[in-house]
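Participant: could you look at this predicted model? Sequence included:
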Amino acid sequence: MSEKSVTLAAVVGAHGIQGELRLKLFTDDLAHYPRLQAGATTLTLKSVRPGPNGAVARFAEVTDRTAAEALRGTPLTIPRDALPPLAEGEYYHADLLDSQAVSTDGAALGRIVAVENYGAGDLIEIERPDGKRFLVPVAAGVDDLGPPIRVHVEFVDG
């Protein structure tokens, strides 16, 4: 069984002619992770700085624009166990995905397919067995992160 990996960034394209990469970041600080996987290739982070719509990074193994362009669309990942430990009540989005969600009264709700944040807090997207999806604000409560995930859901007729 392969170890679960977490995507920290995705390569958007090349920046300049010396192999720098434009990245879309999914973490606050990529500098904490000096070695990232790009498919089967390990990349060693030399530098990262803010860039247009994300970040610009230099990796030891990417030395020219052609190599940088070849990585366009590639997710940059780390093993899940390389992430820092969490405090009580904290969670990583990756740990919620594909989990079964049940209400606090034990009713099956469906599978967690996404965790979104539009600025006001995390929203869990749950897909019912019939394919319909709905969002639950995390502020409403994730009561238990053990499988299955217990989500406080209150349905309102209307």
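Facilitator: Thanks, I have it.

Participant: is residue 81 in a helix, a strand, or coil?
Facilitator: What DSSP: H, G, I helix; E, B strand; the rest coil gives for residue 81 is helix.

Participant: same question for stretch 57-67: list its buried residues.
Facilitator: Judged by neighbour count (16 or more other C-beta atoms under 10 Å), stretch 57-67 contains these buried residues: 57-59, 62, 65. (Each C-beta comes from the backbone N, C-alpha and C, glycine too.)

Participant: before we move on, what about stretch 29-43?
Facilitator: Buried positions in stretch 29-43, judged by neighbour count with 16+ other C-beta under 10 Å: 30, 33, 36-38, 43.

Participant: looking at the residues you listed, which one is closest to residue 135?
Facilitator: Nearest to residue 135 among the buried residues of stretch 29-43 is residue 30, at 28.2 Å by C-beta to C-beta.

Participant: what's the spacing between the closest one and residue 137?
Facilitator: 28 Å (C-beta to C-beta, to the nearest Å).
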